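In: Need a 3D model of the sequence below.
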Amino acid sequence: MSETTGLRADCARCVGLCCVAPAFAASADFAQHKPAGRPCPHLRTDSRCGIHDELRERGYPGCVVFDCFGAGQRVSQVTYPGRDWRDDPATAAGMFASFTVLRPLHELLWYLTEALTLTPPGPLHDELRAARDATDTLAAGTPEELASVDVDTHRGRVNPLLSAASDAARAGTGRADRRGAMLLGVDLRAADLVGANLRGACLVGADLRGADLRRADVTGADLRGADLRRANLSSTLFLHQSQLDAARGDRHTTLPPTLRHPGHWTGLTLTPVRPPPPARRERGRC
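Out: As a prediction, this is how the structure comes out:
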């Protein structure tokens, strides 16, 4: 498996697993309730979404921002090659169970791959490489082997290495620690967030216009509805495409070269970023 392309969702090589295996509840992210293991009513027989180009308008923004990190095609092409969940109940149950395990393992593979690109040769790089190889070995298991994988325990072994890689990459900055911070709707316009630790932070609806997020760690940060217009994310750590897809931005938002401006950002009104009133502003670093 390629260390890069194998960790990107390729729906053309999958049998629509993300539209069947997970459950979702009627909410702002999904227009209706769907139990686990039941196909979404919009899933076509060719495993494509029947409303793909209208998902946001039809009330399914959660589908737009979902990322399997390539787990779907791995189940479809490697774990169950040539099989389809539609064939029989046993196949379906096995594929869904494998997808449930492989999706978080592939997410860890993505983070470990990113961490390796940030870490120079040395002991930490060697540990990251070993962790990545071990994770890929788990992901390459048979359906029976995947069923026995304790993902939480494995994640507990990997996360300290990812944190160490983040600390090293952010060395020399202010490194403000806002891990898991509740920053829902907070006004952070033009904030200096260089090197900030925002792992797991809730930034839903936060105003980050003009903010400087270079070398900030956004692992697991919730950016749904966050306003990233004119923000600088050119070297933001562990930023992936689905986080951008969940946010708002414009053509002036600076991104790393490996990521793209989401299509729904096009046409946003470009308004000047003005400093907020002192009473509302979080002064200094986040």
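
In: What distance do you get for Val149 to Arg13?
Out: Distance of Val149 to Arg13, computed by Cβ to Cβ, to the nearest Å: 23 Å. No exception for glycine: its C-beta is placed from N, CA and C like everyone else's.

In: more crowded one of those two?
Out: Neighbours were counted for Val149 and for Arg13 using other Cβ atoms under 10 Å; Val149 has more, 17 against 13.

In: can you count the residues close to the closest residue to Arg157 other than its chain neighbours?
Out: What sits nearest to Arg157 in space, not counting adjacent residues and going by Cβ to Cβ, 6 or more residues apart in numbering, is Ala131, at 7.2 Å. Ala131 has 22 neighbours, counted by other Cβ under 10 Å.

In: residue contacts, Ala131?
Out: Residues near Ala131 by Cβ atoms under 8 Å, 6 or more residues apart in numbering: Leu112, Arg157, Val158, Leu161.

In: need the helices for the protein, in chain order.
Out: Assigned by DSSP state H, the helices in the chain fall at 61-65, 71-74, 89-118, 123-139, 143-147, 151-169, 241-246.

In: From the contact counts, what lies against the longest one?
Out: Contacting helix 89-118 under the criterion 3 or more Cβ pairs under 8 Å, 6 or more residues apart in numbering; DSSP states H and E are the following elements: helix 71-74, helix 123-139, helix 143-147, helix 151-169.

In: Could you check the angle the second one makes with helix 89-118?
Out: In other words, helix 123-139. In terms of direction (axes from the mean of the first three to the mean of the last three Cα atoms, to 10 degrees), helix 123-139 departs from helix 89-118 by 170 degrees.

In: burial of Arg58, as a residue count?
Out: 12.

In: which residues touch it?
Out: Here Arg58 is in contact with Ala31, Ile51 (Cβ under 8 Å, 6+ apart).

In: okay, and for this structure, where does confidence drop off?
Out: 1-5, 266-286 (pLDDT under 70).

In: mind running it again at 80?
Out: Counting by pLDDT under 80, the chain contains low-confidence ranges at 1-5, 174-175, 266-286.

In: hang on, the earlier thing: with distance to His264 as extra columns, can I get the helices and strands packed on helix 89-118 in JSON lines?
Out: Converted to JSON lines, those look like this (distance: least, Cβ to Cβ, whole Å):
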{"stretch": "helix 71-74", "distance to His264": "23"}
{"stretch": "helix 123-139", "distance to His264": "32"}
{"stretch": "helix 143-147", "distance to His264": "35"}
{"stretch": "helix 151-169", "distance to His264": "29"}
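
In: So which of these has the densest surroundings on average?
Out: helix 71-74 (a mean of 26; mean count of other Cβ atoms under 10 Å).

In: Check which helices and strands that helix is in contact with.
Out: Secondary elements touching helix 71-74 (3+ Cβ pairs under 8 Å, 6+ apart): helix 89-118.

In: tilt between the helix it packs on and helix 151-169?
Out: Using the same axes, to 10 degrees: helix 89-118 against helix 151-169 is 20 degrees.

In: Go through helix 89-118 and flag the buried ones.
Out: Using 16 or more other Cβ atoms under 10 Å as the test for burial, helix 89-118 gives 92, 94-116, 118.

In: need the contact list for Arg260.
Out: Gln241, Leu244.

In: next one: Ala164
Out: Leu124.

In: I'd like to know how many residues surround Gly122.
Out: Neighbourhood size, Gly122 [other Cβ under 10 Å]: 9.

In: how about it, phi and psi?
Out: phi 150, psi -170 (degrees, to the nearest 10).

In: so how far is Leu116 from it?
Out: 12 Å.

In: can you check Asp245 too?
Out: 24 Å.

In: Starting from Arg214, give me the distance back to Gly174.
Out: Distance from Gly174 to Arg214, by Cβ to Cβ: 12 Å.

In: ugh, wrong one, Pro41
Out: Distance from Pro41 to Arg214, counting by Cβ to Cβ: 43 Å.

In: cool, Thr253 as well?
Out: Distance of Thr253 to Arg214, computed by Cβ to Cβ: 13 Å.

In: Hmm, Leu223 is touching Ala247, no?
Out: Yes. Leu223 lies in contact with Ala247 (Cβ atoms under 8 Å); the separation is 4.3 Å.
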